[in-house]
Each structure stands twice: as C-alpha cells, then as structure tokens.
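A.B. asks: give me coordinates for this.
(2 chains)
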There are 2 protein chains.
Amino acid sequence: MEPMKIYILGCGSAKPANGHLPSCQLLEARGKLFMIDCGEGAQMQWNRMGLGMTRLSHIFITHSHGDHCFGLPGLISTMGLLGRTADLHIHAPADLKPFIDCTLNLFCHEMGYNVIFHKVDCTANQLVHEDRSVEVWSIPLRHRMPCSGYLFKEKPTLPHIRPEMLECYNIPVSQANNIKAGMDWTTEDGEVIPNSRLTRPADKPRSYAYCSDTLYTPSIARMIEGCDVLYHEATFSDEFEVRAKQTCHSTARQAAMIAQKAKVKKLVIGHYSGRIKDIESHLGEAREVFLDTIASEEGLILDFDTVVKK
Amino acid sequence: MEPMKIYILGCGSAKPANGHLPSCQLLEARGKLFMIDCGEGAQMQWNRMGLGMTRLSHIFITHSHGDHCFGLPGLISTMGLLGRTADLHIHAPADLKPFIDCTLNLFCHEMGYNVIFHKVDCTANQLVHEDRSVEVWSIPLRHRMPCSGYLFKEKPTLPHIRPEMLECYNIPVSQANNIKAGMDWTTEDGEVIPNSRLTRPADKPRSYAYCSDTLYTPSIARMIEGCDVLYHEATFSDEFEVRAKQTCHSTARQAAMIAQKAKVKKLVIGHYSGRIKDIESHLGEAREVFLDTIASEEGLILDFDTVVKK
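C.D. replies: Sure thing, here's the model as predicted:
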C-alpha cells in the first residue's frame, strides 16, 4: 500500500506568535502531493523538510485570508525558477483569483508553466477534483468570508494478486491483470479456481478531511463521516469560547465534538491563536471529548499507517 | 549615544536553500527602526527576534523581485491586525506599486492605517527621505530590473554638555540648550568661558549602506565613501564569477573590492546563492581583499559600537 502522510508546514493563525508559521500542509496520497493552504513561509518550510516540489500539481486554498494564501507568490515564483513546465492547478474560492492574477502579471512574465485557477463553490459539498486514484470534495465551512474545507478520498483499488497461488496453478503472468479484475481461473484439468483464492482483498481506501477556518458547525460531520484523519481548526481554548464564536473560529473542544460526531479515527488540531501558549493543556481540552487527538506542530509528519488504528 | 544596530532577518537569495530566508533587514538608528527589503517570512522572523513593530514607519525596498518584497502583504496585514494607526511609508522603485495596491485592495479593507508609497528613482543618487535625525539616500545599482541601494546617515548632533562644568560656573540648567547650540558663558565677574570648555564634541554621525542586488559596479564606491558599515550582496563565489555577471550579481570578492575602494570600516556580505554551502570559504574570498568582513546570517545583530573600529 502506498504511504499516505500529512506534512504539517504551518499550524499557527493570522498573527505570528510562539514560533508558529501560518497554515500550510502537504498531503501525500497515492504517490502525489497535494498542498492545502499556503501561508507565508510555505516554500521555506517545504525546503527545510527536504521535500521535492515536482510531485505537486494541485493546491487547495480554503479562503482568502492572508495566513492561508500569502505563501503563494513565493511558491509560484520559485517553481518557475526551478524550471517547472507542468501545469499547476489552484482550487480556491473565487475571491482569491485577483491575487493569483496580480502575482502572475507582476512577477511571472518568463515563467515556463501555467497556473490554472479553479473556482470552488463554498456553499456546496461536491467533487472539486479527481484523478485516477484520488477524489477531492469541498466541505462548506462558516467563516467571515467564503471558505471551504476539503475531503481527500483514495479511490478503491483492485484486489492484490497472491503470487504463490499463481505459481501453484501455473497461471501465466500475462493473466495477472485479468485476475486482479476479478476473473476466476480454469486449470487444464477443467477445475475452476475462484478469484477469491487467487487474490487478497484490496486495501481499504483512506480519507483525510481538512476543516479550517470555521465556526463550530455540527452539520459538517455528515460530510466527513468515518474519515481516517480529520484536521480541524482549534484556534481558541475553552476560556475564549465567546471570542471563537465572534470571530467564526472553533475551540479545541468543539473540534473534538466534530470528530466524535463524525466518528473519525484520528483528530489533528491546529490553527492556534497567539493566546495558546500551552499546547498540552489545549490538547487536553480536546481529549476530554475525543481521546484520539494529536496537536499539530511545524515539521510534524503523520503517517496514516501508524496514527490510524486499523 | 543612541545605539545603531542592524538586525539580519534574512540573507538568502531567490530560491529557499540551506535554511536561509530571503532578504530583509532592520536598521535601528536614533531610536527608530527602518526596514530594508521585505522578503517572505519577514514578519515571522521579526517576531522570533522579539522586536516590537511600533517603531517602524519607513520600509525601503531595493527592487521588485519576489525575494525582496513577498513579505510585504503579511507584514502590512499583521500591522493592521495589531491595531496600527500610524502611517506606514514604503519607498521603492515604481514597479512595486501595483503589488502594494493589489495587497491593499484585496486584503486590507478594514485596516486602521494608511500605506503611503514613495517612488524611488533608481537612476539617481539623491535624498529619498529625511527626518530630524536621519537621512536616507538612494544608490543606483545595476540589476536585471530597476534597483536602488540605500545609504542611511545620522544627521550631526549638537555637542554634549559637560554637567560638571555647568555646576562649576553655576550656570542655570535653563541655559543648557543655548550652550549646546554653541554659546559661550559670561560669569558674574565678566569672565568669558569659551563653549569648548563647557561641552564635549558631538558624536560622529554614523552611516550604513545597503547594496543589493547588483552587478559589480565600482562607481557606487564614491556614493558610500567612508561609511561605517556596508552590506553588499555576495551572491556567488569566485567559481561562479561568470554566472554572477550573467545574472547581474556580485561575488564575495567583488563586494570586498567595493568595500576597499569606498574605504568603509566594515563589510557585511549576504544574499547567498543556494550554491554557497560553505560560508566560511565564501567569507575567506572576501577577506583576501578586505579583512574587516562579516558574513551575515539570520538572527545576527550587528551593533555599530562593537563591530566598527573607532
């Protein structure tokens, strides 16, 4: 099974504080990298983490607050300097487009690749992107401006061949694809070997939901139900619950309530306000509701194989 | 004497490499902070260094390459979030203005302060800003686009009062300003005490020149002659001298040649290409020409009192 990993590049909020960087993550799924939000400093943090940029073709931006998109001009320019030729797709609410246009018009005249903007409807829970192995769905969030979360779902794969069984029944390798596709095998003696004996079940598709920034919104639970890992913003602690509501953000406890309601396997919290100085205590408030919670931090890599219970 | 200090926030070049951040410095002079260039990540690095933002009113940008200005949207926005009300002045070549306009139009609707853009003529060596205690001059540089360096000069101050002499001659404190301004003192007996006995000479005004990005250009030496500290870009090492010329950059050795020609007291090199992995060897190439050279690094604070020989 190909690895599925989340790389936390930044998990702070709007104002720099406590050493955090603004929102940015990379999701590795089926051999590709997807970027989610692109706060200032994303390209430097990416470089520090030693990751290559060539596997990235799609960036998903939740909304047009600076701490979620001010890393784009630098990232787009640097990819140009590195000689990129492949298209780069940016999926975001419509109000981000003028910022991309401005960046391209002012700084990217000689760039060898195209940036293609895809408008995301922040009111709909719908498919916004798919390729051969991954689907991405929008999740309407409630913030002070149009804002969309994203759900990444691996597409189902075919069952695994059992090589020892192919050998046992002397089945030619050329038949492997047919058998993966479900074909039974008939031996020279006319015996029918059912497909289930020749294959192991396919891996269970995994899923990752990213919900930031948002007012506590229980209705999103049904859109992310049962997903493996949920990243949910937890800007404030209980103490600032009123301020969370006023600014259309969530508390750590509210993030945990969404995780519980949606029956996800693991919750990751982040988007910390500068007021959150004690992450352990913040995490504790979430864990009172949903024990399987992790606090994100810059540089953290979450491998689905190890963080998600089978 | 009020401290004069340079804070190195970033000294890398266009592509993130070797942990460097793109160009950004703060100059503390006469109690004020001036920012020079504002590469991506400037506000986070500023926060990390524990400096307040209120003393900054003037930002000087050398040119409109992203690694010198992509920190502006975040910095401008954050100052708004922090409740700034004082005007912020940005001095830069004219081609930066659309980027500032775009930032303000898209992200700064509810901001409580004004950003005022001042166009710098990149072909002239002239006064671009002055206040009661500091002058800032443009230095025409040769790069792939309009580009200006900056020379910061303290204005001369008045001599220092010698309090023990005022006491000795029973001179009222109300006369201190007149004596600072050069007045002699006549005692009740009619004796004239010359001003030189009542005062110590004024501090020598200090100066700081910032030259980045630029092709090796000996003619700038006369514009920065005798300045205390010169920051000069040293993008490449000797090995890449041809590439330096092609891309309108300088080598460490060429930076040192400018320092030598201009008879500055201290040279600081930076704007390192990603190819410069061994800073000590890079510094060595500069020191072969100009011994009083320092290699900049992120987080470095240079105090003129200690780095400049009296």
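A.B. asks: C-alpha only now, for contacts and for neighbours.
C.D. replies: OK.
A.B. asks: just the buried residues of stretch A:128-146, please?
C.D. replies: For stretch A:128-146, burial by neighbour count (16 or more other Cα atoms under 10 Å in any protein chain shown) applies to A:128-129, A:134-143, A:145-146.
A.B. asks: next, residue A:43: phi, psi?
C.D. replies: phi -70, psi -30 (degrees, to the nearest 10).
A.B. asks: didn't it look like it was pressed against residue A:73?
C.D. replies: No - in this structure, residue A:43 is not within contact of residue A:73 by Cα atoms under 8 Å, at 9.9 Å.
A.B. asks: looking at those two, which has the bigger crowd around it?
C.D. replies: residue A:43 (27 against 24; other Cα atoms under 10 Å in any protein chain shown).
A.B. asks: and the more buried one, how far is that from chain B?
C.D. replies: Distance, residue A:43 to chain B, using Cα to the nearest Cα, to the nearest Å: 7 Å.
A.B. asks: what does chain A put close to chain B?
C.D. replies: Neighbours of chain B within chain A, by Cα under 8 Å from any Cα of the partner chain: A:14-19, A:21, A:40-41, A:43-44, A:47-48, A:65-67, A:70-71, A:73-74, A:77-78, A:81, A:98-99, A:102-103, A:106-107.
A.B. asks: swap the cut-off to 6 Å and go again
C.D. replies: Residues of chain A found near chain B (Cα under 6 Å from any Cα of the partner chain) are A:15, A:16, A:41, A:44, A:78.
A.B. asks: which residues touch the one helix or strand the fourth one maps to?
C.D. replies: Translated: residue A:44. Element membership for residue A:44 (DSSP states H and E) is helix A:42-48. Residues outside helix A:42-48 that contact it (Cα atoms under 6 Å, 6 or more residues apart in numbering or on different chains): A:9, A:71, A:75, B:16.
A.B. asks: what about the helices in the stretch 1-150 of chain A?
C.D. replies: Ranges of helices in the stretch 1-150 of chain A, per DSSP state H, counting those that start in this stretch, are A:42-48, A:72-81, A:97-107.
A.B. asks: so where's the stretch 101-250 of chain A uncertain?
C.D. replies: For the stretch 101-250 of chain A, no stretch has pLDDT under 70.
A.B. asks: all strands of it, in order?
C.D. replies: A:115-119, A:127-130, A:134-140, A:148-154, A:160-161, A:185-186, A:192-193, A:199-200, A:207-211, A:229-233 (DSSP state E, counting those that start in this stretch).
A.B. asks: how about a markdown table for those, with distance to residue B:152 added?
C.D. replies: Shown next, in a markdown table, are these (distance: least, Cα to Cα, whole Å):
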| stretch | distance to residue B:152 |
| --- | --- |
| strand A:115-119 | 40 |
| strand A:127-130 | 52 |
| strand A:134-140 | 51 |
| strand A:148-154 | 47 |
| strand A:160-161 | 69 |
| strand A:185-186 | 83 |
| strand A:192-193 | 85 |
| strand A:199-200 | 73 |
| strand A:207-211 | 47 |
| strand A:229-233 | 45 |
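A.B. asks: closest to residue A:171 out of these?
C.D. replies: strand A:185-186 (8.1 Å; Cα to Cα).
A.B. asks: who are the packing partners of that closest one?
C.D. replies: If you count contacts as 3 or more Cα pairs under 6 Å, 6 or more residues apart in numbering or on different chains; DSSP states H and E, strand A:185-186 packs onto strand A:192-193.
A.B. asks: quick one: the strand it packs on to chain centroid distance?
C.D. replies: 42 Å (Cα atoms, centre = their mean, to the nearest Å).
A.B. asks: so which elements touch that strand?
C.D. replies: Checking 3+ Cα pairs under 6 Å, 6+ apart, strand A:192-193 ends up next to strand A:185-186.
A.B. asks: adjacent strands (with direction) for the strand it packs on?
C.D. replies: Strand A:185-186 sits in its sheet next to strand A:192-193 (antiparallel), going by DSSP bridges.
A.B. asks: now what about the strand it pairs with, what contacts it?
C.D. replies: A:184, A:185, A:186.
A.B. asks: out of the residues you listed, which is most surrounded?
C.D. replies: Highest neighbour count within the contacts of strand A:192-193, by other Cα under 10 Å: residue A:185, with 20 neighbours.
A.B. asks: neighbours of the residue lying closest to it once chain neighbours are set aside, just the number please.
C.D. replies: Excluding the flanking residues, the one nearest residue A:185 by Cα to Cα, 6 or more residues apart in numbering or on different chains is residue A:193, at 5.1 Å. Residues lying near residue A:193 (other Cα under 10 Å) number 15.
A.B. asks: before we move on, the earlier item: out of the strands of the stretch 101-250 of chain A, which gets nearest to residue B:278?
C.D. replies: Closest among those, using Cα to Cα: strand A:115-119, at 35.5 Å.
A.B. asks: return the set of buried residues in that closest one.
C.D. replies: Buried residues in strand A:115-119 (16+ other Cα under 10 Å): A:115, A:117, A:118.
A.B. asks: okay, now the sheet partners of that strand, with direction.
C.D. replies: Assessed with DSSP bridges, strand A:115-119 is paired to strand A:88-92 (parallel).
A.B. asks: can you tell me how far the residue of chain A most remote from its centre is from chain B?
C.D. replies: Distance from the C-alpha centroid of chain A peaks at residue A:189, with 50.6 Å (Cα atoms, centre = their mean). From residue A:189 across to chain B, the span is 65 Å (Cα to the nearest Cα).
A.B. asks: measure the closest residue in space to residue A:197 that isn't next to it in sequence to chain B for me?
C.D. replies: In space, and not counting its chain neighbours, residue A:197 is closest to residue A:165: 7.6 Å by Cα to Cα, 6+ apart. Relative to chain B, residue A:165 is positioned 50 Å away (Cα to the nearest Cα).
A.B. asks: domain ranges for chain A, per the record?
C.D. replies: A:5-157+A:203-307, A:160-200 (automatic domain parsing).
A.B. asks: could I get those as JSON lines with distance to residue B:88?
C.D. replies: Below are those laid out as JSON lines (distance: least, Cα to Cα, whole Å):
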{"stretch": "domain A:5-157+A:203-307", "distance to residue B:88": "18"}
{"stretch": "domain A:160-200", "distance to residue B:88": "63"}
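A.B. asks: need the winner for burial among those.
C.D. replies: domain A:5-157+A:203-307 (a mean of 20; mean count of other Cα atoms under 10 Å in any protein chain shown).
A.B. asks: that one: end-to-end distance?
C.D. replies: 10 Å (Cα to Cα, to the nearest Å).
A.B. asks: what pairs with residue A:209 across the strands?
C.D. replies: The partner residues for residue A:209, given DSSP bridges, come to residue A:151, residue A:230.
A.B. asks: how about residue A:6?
C.D. replies: Residues in beta-bridge contact with residue A:6 (DSSP bridges): residue A:27, residue A:302.
A.B. asks: pretty sure it contacts residue A:302?
C.D. replies: Yes - assessed by Cα atoms under 6 Å, residue A:6 is found in contact with residue A:302 at 5.0 Å.
A.B. asks: tell me which residue of the stretch 51-200 of chain A lies closest to chain B.
C.D. replies: Residue of the stretch 51-200 of chain A nearest chain B, by Cα to the nearest Cα: residue A:78 (5.9 Å).
A.B. asks: ok, now how distant is that residue from residue B:31?
C.D. replies: 37 Å.
A.B. asks: try residue A:166
C.D. replies: Separation of residue A:166 from residue B:31 (Cα to Cα): 80 Å.
A.B. asks: so the residue of the stretch 201-310 of chain A found nearest chain B, which of the three states?
C.D. replies: With Cα to the nearest Cα as the measure, residue A:274 is the residue of the stretch 201-310 of chain A nearest to chain B, at 11.4 Å. Taken by DSSP: H, G, I helix; E, B strand; the rest coil, the conformation at residue A:274 corresponds to coil.
A.B. asks: that'll do, ta.
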